[in-house]
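Here is my input; please provide its structure:
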Amino acid sequence: MESKEISWWTIPALEIMNDKQWCNRIIELCADNVGIKDEDILKRTRKRNICEARQVAAYVLRNTTGMSLEAIGKRLNIDHATVYHSGKHVKDLMEYDKIFVANWQKILEMKRPEPTFE
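Numbers count the residues shown, from 1 in each chain. Got it, this is the predicted structure:
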């Protein structure tokens, strides 16, 4: 039996999201969930709905990527310590605030898509 040489053009295209694409997707979902523009999450404001969306985005990115706190912070326009604090804050809210969980459940449970080979 003759073996075929596999080259890059014989492998089917994969839908693999890099970190930047995944960050953009999470920011988009968090912004849509509270009815704001994607750019608003990146603004330095303390409005509750924007802060909450930013904190959830930081939490999801921290748990679904291998990105450092500093890299996540740069992407969300916040300090690395704020990314750390956001994770703790969201965990606390998930434990004690049922309304928060109901509003954010789908996004909080997101997993990064794995590549499939068919």
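
Tell me where the protein is predicted with low confidence.
In the predicted model of the chain, residues 1-16, 114-118 satisfy pLDDT under 70.

Can you name the residues in contact with the host helix or strand of Arg54?
Per DSSP states H and E, Arg54 falls inside helix 48-64. The contact list for helix 48-64 (Cβ atoms under 8 Å, 6 or more residues apart in numbering) reads 22-23, 26-27, 30-31, 33-36, 40-41, 43, 45, 67, 69, 72-73, 75-76, 78, 82-83, 86-87, 89-91, 100, 104, 107-108, 110-112. Every C-beta, even on glycine, is put in place using the N, C-alpha and C of the backbone.

what's stretch 34-45 in contact with?
With Cβ under 8 Å, 6+ apart, stretch 34-45 has contacts from 24, 27-28, 30-31, 49-54, 57, 76-77.

Out of the residues you listed, which end up buried?
Buried members of those, counted by 16 or more other Cβ atoms under 10 Å: Ile27, Cys30, Ala31, Ile50, Cys51, Glu52, Ala53, Arg54, Ala57, Leu76.

With distance to Asn63 added, can I get those in a markdown table?
Below are the buried ones among the contacts of stretch 34-45 laid out as a markdown table (distance: Cβ to Cβ, whole Å):
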| residue | distance to Asn63 |
| --- | --- |
| Ile27 | 15 |
| Cys30 | 14 |
| Ala31 | 19 |
| Ile50 | 21 |
| Cys51 | 19 |
| Glu52 | 17 |
| Ala53 | 16 |
| Arg54 | 15 |
| Ala57 | 11 |
| Leu76 | 14 |
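
closest to Glu95 among those?
Nearest to Glu95 among those is Glu52, at 15.8 Å by Cβ to Cβ.

how much space between the closest one and Val101?
12 Å (Cβ to Cβ, to the nearest Å).

Okay, helices next: where are they in the protein?
For the chain, the helices defined by DSSP state H occupy 19-34, 38-41, 48-64, 69-76, 80-96, 98-108.
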